[in-house]
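# After the sequence you'll find the predicted model.
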Amino acid sequence: MPRPIRPRLARVGAPLVAALLAAGLTACSDADIDGAAQKAKDAATQAQSAVADLKAQVDDAKAEADAAAQKITDLKDQLGDLDASATKAVTDAQSAVADAQDALDKAKADGSAASQQALADAEAQVADAQSELDAAKANATGSAADGLNQIAQQLATLSDKLKAAGS
């Protein structure tokens, strides 16, 4: 009875494949291996640097969000009598800043795509709050207008830092 061809090919082919692999491995020079290792080290260094930069941007944005929250709290008591739209604008600004703080905490903790989306959402919410404050400033006078302007400026700075942290 004839023997199957496959086992014979495997017995003949296996040493041939091993010889070809060995020849290929010996063709890689030490310089090639060193070059590949250096490229891997460089890539790792760049990745670590990028992560450190991102963490610094998130920390900076978090400090700005904390400052904005404090500014709103300080000025809210000083604003006195505001009309309904100005009161809503300040309340919405507080909410936007709180959401930004949460998003920045999440980004610092895990840096996931979900945290990036949370940063983008917080940035949009801060922009909306800025628009509300701008509209409320049009109807405000005196110290109330000054206070609303200070909050709007703080939100503008926070928005810039959220953009930097989210990119």
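Structure's in. What do you need? Predicted model, so just to flag it, every value in this text is computed and none were measured.
# how near is K137 to L158?
Noted for K137: a distance of 17 Å to L158, by C-beta to C-beta, to the nearest Å. For the C-beta atoms, the positions are set from N, CA and C on the backbone; glycine is no exception.
# neighbour count winner among the two?
L158 (29 against 19; other C-beta atoms under 10 Å).
# I figured that one was touching D99, is that so?
No: L158 lies out of contact with D99 (C-beta atoms under 8 Å); the separation is 11.1 Å.
# State which helix of this structure is the longest.
Across the chain, the longest stretch assigned as helix under DSSP state H is helix 30-78.
# could you check the angle helix 30-78 makes with whichever strand or helix holds A165?
If you go by DSSP states H and E, A165 is part of helix 142-166. On the basis of axes from the mean of the first three to the mean of the last three C-alpha atoms, to 10 degrees, helix 142-166 is oriented at 160 degrees to helix 30-78.
# what's the spacing between helix 142-166 and its chain's center?
Chain-centre distance of helix 142-166: 20 Å, with C-alpha atoms, centre = their mean, to the nearest Å.
# could you give the mean pLDDT of that helix?
For helix 142-166, mean pLDDT is 85.
# so what does it touch, helix or strand wise?
helix 30-78, helix 84-109, helix 113-139 (3 or more C-beta pairs under 8 Å, 6 or more residues apart in numbering; DSSP states H and E).
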